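Asks: Whatever this is, show me its structure:
(one chain, ligands or ions: 2)
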Amino acid sequence: MVNKIEHIGIAVKNIEDANILFEKMLGVPSYKMEAVESEGVLTSFFQTGNNKIELLVATNPESPIAKFLEKKGEGIHHIAFDVDDIESEISRLKKEGFVLINEVPKKGADNKLVVFLHPKNTNGVLVELCQEIK
Ligand SMILES: C[C@@H](C(=O)O)C(=O)SCCNC(=O)CCNC(=O)[C@H](O)C(C)(C)COP(=O)(O)OP(=O)(O)OC[C@H]1O[C@@H](n2cnc3c(N)ncnc32)[C@H](O)[C@@H]1OP(=O)(O)O
Ligand SMILES: [Co+2]
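Replies: Numbering: from 1, shown residues only. Ligands and ions are numbered 1, 2, ... in the order given. Below is the predicted model:
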């Protein structure tokens, strides 16, 4: 079962500038910055009530964020849903015919295991499922 929107990922070109902008907008500073080498990203997190905003900048040219910025420009990149049991969600969604980009959960940012659903089969929305690592 999906609990809630955990975060919304936003692709940006310059994370320092975006940090200043989002701090002004939300009235709170970024609470953490974390690089995820396997994804080629540097992230910055803002708490917004029960949910978060994740700013993402590319750290190498092969990064999904670099490709996204090239094709679409800055903007909303993905929606992440919080789940209790990522393995059971993976089997449920596979049975429902969804295409997973990775079937084995990988380590994401902010202490999470993550998998992605391909946007081609989800009305053009890149969906991330994440489970807290306990
Ligand atoms: C750290 C972690 C965390 O929160 O813990 C994160 O969020 S990491 C966040 C960064 N990591 C990821 O995004 C990992 C999962 N993403 C991927 O594997 C990739 O970005 C894909 C989604 C498979 C797209 O790959 P790639 O750009 O190489 O393929 P492609 O250019 O052929 O794109 C295939 C089609 O998907 C579209 N497409 C690409 N990225 C998209 C996005 N974010 N939202 C919606 N559509 C998107 C393209 O426009 C294209 O559509 P057309 O065919 O119509 O032209
Ligand atoms: Co994310």
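
Asks: what's around the residue of the chain found nearest ligand 1, how many residues?
Replies: Using Cβ to the nearest ligand atom, the closest approach of the chain to ligand 1 is made by residue 108 at 2.4 Å. C-beta: built from backbone N, CA, C; applies to glycine. For residue 108, the count of nearby residues is 26 (other Cβ atoms under 10 Å).

Asks: With residue 44 instead?
Replies: Once other Cβ under 10 Å is used to define contacts, residue 44 is seen to have 24 neighbours.

Asks: Then residue 125?
Replies: 12.

Asks: residue contacts, it?
Replies: Contacts here follow Cβ atoms under 8 Å, 6 or more residues apart in numbering; on that basis residue 125 touches 78-79, 119.

Asks: just to revisit the earlier point, quick check on the residue lying closest to the residue of the chain closest to ligand 1 once chain neighbours are set aside: phi, psi?
Replies: Taking Cβ to Cβ, 6 or more residues apart in numbering, and ignoring the residues beside it in sequence, residue 108 has residue 114 as its nearest neighbour in space, at 3.6 Å. The main-chain torsion angles of residue 114 are listed as degrees, to the nearest 10 and equal phi -130, psi 150.
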